[in-house]
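**Student:** Predicted coordinates and the sequence they were generated for:
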Amino acid sequence: MYFNSFTFILLFLPLVYLGYRFLVYFGKDFFAKLFLVLASLFFYGYWNIDYLYLMFMSMLVNFLIGRALREERGKKIILLLGVALNIAPLAFYKYTDFGMQTANQLLGNEFKLLELALPLAISFFTFQQIAYIVDCYRGNRAEPNFVDYCLFVGFFPQLIAGPIVHHQEVIPQFAKITSSRLSAEVLAKGVFIFAIGLFKKVVIADNLAPYVNLAYGYSFEISFLDAWLATILFYFQIYFDFSGYTDMATGAALMFNINLPVNFASPMKSRNVQEFFHRWHITLSRWLRDYLYIPLGGRGKGLSTAIRNIYITFLLGGIWHGAGWSFIIWGIIHATGFLIYQIYKSYVGRKLPLPLAWLLTFYFICYTVVYFKAETAQKGHEIALKMLGVGGIELPSSWSAWLPSFWGGIKFVGPTVLYRTNLYFIFGITALLFFVVLYYPNSNQLLARFRPRRSAAVWVAFLFFVSFITMLSSKPESFLYFHF
């Protein structure tokens, strides 16, 4: 049941909302929260009921571990056991086949792959609960009852692809969720931001996908121009896909008067690598900082320790996204870029002109997203080399009349892969999207400015209308972060 499906928008979400409000109205606070828990479990089981037990057992075991960590005796052993119990299923389902495949390639073995299906959202709820039990070990805990804890882990708006919420951000809200009365303005805000996210996903992101898939499907044959255009389009695709999901999660939660943490804040405006991770998947970056980088020692014990910790953190960040060499390479590239920036900031300190800083950051991120999209590391290398102009800068032959070959590296070839579609339309869409992400207010800013007026209602109705028309002509497409 995708957020961008009629089943969710017109059936599940309204029914859950009405059922919850009905129970709250009649003062059935405990049953109202229990109803949300059951609705969230149904939402998860709708994808694959076989893995419903895994998530429920994970919640139960971690809740009990959190309770056990209240005692002083054996805390460290309980913590280590708890972390191991969380990592074990994630490692089994997500990395077993990758490990066996790597062993086959390196050692010449013939292990038969298990072809395990990845339980949905396991990366998200695993990290969320590890943070909870670590905080319990540190003495920083909210001490929820089991129903509130289940809502913290399994609340359906943020269950599948985040944000990775911290228990102190939401458990207090769940504890008093039924004592707060939902105003029409809060509901209107939730619908407003949900409509924006739906439009981003189905109208923008999903309509960029065919061009990206076409070019990346011909990774060996595409030209320099194809490689850059397809990669920039994929950057926009994953940008609006994840931003759209985040807005829809925020809006759905807000309808129940729950405020989720900001997880996306115009990352394409970033002017360095560090700023990018303060804007893109903010809650994952925060988790990696607070529960890995800082416990490892951060930057406090010399340059060599800082370098080690940066690479460990980004490697885990890459592996968290997926099992494959592409994600490992992504982590290494980001660690290297982050390290170069830190060294430059510490030892040079001179700020670059803002346009140049933005351009360098944009180019760097473009190179890294190649490894998110490419099916294999080898295909990623092929496209990255094309973008660097290795083998020559190939442009459409029709451009030779007005773009003379002033350098021997430029080659004019026949119609390129994307040129055969509608190259100038792609240029126009790309320019429009650049304008939107760089100069138009982001969703967080729009939500802060929102007032329930007639003009806002017309705008929301327009967004839903265009989105629904688009949805009628195609089946719902999965959000890209569902695969992580």
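**Tutor:** It's in.

**Student:** Can you show me the strands along the stretch 1-150 of the chain?
**Tutor:** Applying DSSP state E, counting those that start in this stretch to the stretch 1-150 of the chain gives no strands.

**Student:** Local confidence estimate at Pro404?
**Tutor:** Listed pLDDT for Pro404 reads 62.

**Student:** Count residues in the vicinity of Thr7, would you?
**Tutor:** Thr7 is flanked by 12 other residues according to other CB atoms under 10 Å. In this view, the C-beta of every residue, glycine as well, is placed from N, C-alpha and C.

**Student:** So for it, what's the nearest residue that isn't a sequence neighbour?
**Tutor:** Spatial nearest neighbour of Thr7, chain neighbours left out: Met1 (5.5 Å); criterion: CB to CB, 6 or more residues apart in numbering.

**Student:** distance of that neighbour from Trp47?
**Tutor:** 7 Å (CB to CB, to the nearest Å).

**Student:** quick one on the thing from earlier: verify the stated contact: the residue nearest to Thr7 with Leu10.
**Tutor:** No: judged on CB atoms under 8 Å, Met1 makes no contact with Leu10 at a distance of 11.6 Å.

**Student:** Neighbour count: those two, which is higher?
**Tutor:** The neighbour comparison of Met1 against Leu10 (other CB under 10 Å) goes to Met1, with 17 against 11.

**Student:** quick one, what contacts the more buried one?
**Tutor:** 7-8, 12, 43, 46-47 (CB atoms under 8 Å, 6 or more residues apart in numbering).

**Student:** swap in Trp330?
**Tutor:** 318, 321, 368, 371-372.

**Student:** from these, which is closest to Cys150?
**Tutor:** Closest approach to Cys150 among those (CB to CB): His321, at 26.4 Å.

**Student:** and the closest one, how many neighbours does it have?
**Tutor:** 20.

**Student:** isn't it right up against Leu480?
**Tutor:** No: the criterion here is CB under 8 Å, and His321 misses it with Leu480 at 10.2 Å.

**Student:** thinking again about what came up before, between the contacts of Trp330, which is closest to Pro144?
**Tutor:** His321 (29.3 Å).

**Student:** The closest one and Gly428, how far apart?
**Tutor:** 32 Å.

**Student:** How about Ser467?
**Tutor:** Counting by CB to CB, the gap from Ser467 to Gly428 is 22 Å.

**Student:** Next up, the contacts around Phe155.
**Tutor:** Phe155 touches 36, 40, 170, 174, 253, 258, counting by CB under 8 Å, 6+ apart.

**Student:** my read: the first one touches Leu151, true?
**Tutor:** Yes: counting by CB under 8 Å, Leu36 sits close enough to Leu151 to count as a contact (6.0 Å).

**Student:** if we can go back for a sec, among Ser467 and Gly428, which residue is more densely surrounded?
**Tutor:** Legend: neighbour count by other CB under 10 Å for Ser467 and Gly428, higher for Ser467 (21 against 11).

**Student:** Name the secondary structure element that contains that one.
**Tutor:** Taking DSSP states H and E as the definition, Ser467 sits inside helix 454-472.

**Student:** Kindly format the C-alpha coordinates of that helix as PDB.
**Tutor:** C-alpha atoms of helix 454-472 as PDB (Å, rounded to 0.1, in the frame of the first residue of the first chain):
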ATOM      1  CA  ARG A 454      -9.600  29.800   0.400                       C
ATOM      2  CA  SER A 455      -6.600  30.400  -1.900                       C
ATOM      3  CA  ALA A 456      -4.800  27.600  -0.100                       C
ATOM      4  CA  ALA A 457      -7.800  25.300  -0.500                       C
ATOM      5  CA  VAL A 458      -7.800  26.000  -4.200                       C
ATOM      6  CA  TRP A 459      -4.100  25.300  -4.400                       C
ATOM      7  CA  VAL A 460      -4.400  22.000  -2.500                       C
ATOM      8  CA  ALA A 461      -7.300  20.900  -4.800                       C
ATOM      9  CA  PHE A 462      -5.300  21.700  -7.800                       C
ATOM     10  CA  LEU A 463      -2.300  19.600  -6.600                       C
ATOM     11  CA  PHE A 464      -4.600  16.600  -5.800                       C
ATOM     12  CA  PHE A 465      -6.400  17.000  -9.100                       C
ATOM     13  CA  VAL A 466      -3.200  16.900 -11.200                       C
ATOM     14  CA  SER A 467      -1.800  14.100  -9.100                       C
ATOM     15  CA  PHE A 468      -4.900  12.000  -9.300                       C
ATOM     16  CA  ILE A 469      -5.100  12.500 -13.100                       C
ATOM     17  CA  THR A 470      -1.400  11.300 -13.300                       C
ATOM     18  CA  MET A 471      -2.100   8.400 -11.100                       C
ATOM     19  CA  LEU A 472      -5.000   7.200 -13.200                       C
END
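
**Student:** And it, what's buried?
**Tutor:** Across helix 454-472, burial judged by 16 or more other CB atoms under 10 Å covers 456, 460, 463-464, 467, 470-471.

**Student:** and these as a markdown table, adding distance to Leu118?
**Tutor:** Shown next, in a markdown table, are the buried residues of helix 454-472 (distance: CB to CB, whole Å):
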| residue | distance to Leu118 |
| --- | --- |
| Ala456 | 39 |
| Val460 | 35 |
| Leu463 | 32 |
| Phe464 | 32 |
| Ser467 | 28 |
| Thr470 | 28 |
| Met471 | 26 |
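
**Student:** With pLDDT as added columns, please give those residues in CSV.
**Tutor:** Shown next, in CSV, are the buried residues of helix 454-472 (pLDDT from 0 to 100):
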residue, pLDDT
Ala456, 89
Val460, 94
Leu463, 96
Phe464, 96
Ser467, 96
Thr470, 94
Met471, 93
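
**Student:** got a pLDDT number for Tyr363?
**Tutor:** 94.

**Student:** got it, and Ser219?
**Tutor:** In this model, Ser219 carries a pLDDT of 60.

**Student:** those strands in the stretch 351-484 of the chain, which residues are they?
**Tutor:** Under DSSP E, counting those that start in this stretch, the stretch 351-484 of the chain gives strands at 393-396, 410-413.

**Student:** which of those has the lowest average pLDDT?
**Tutor:** strand 410-413 (a mean of 72).
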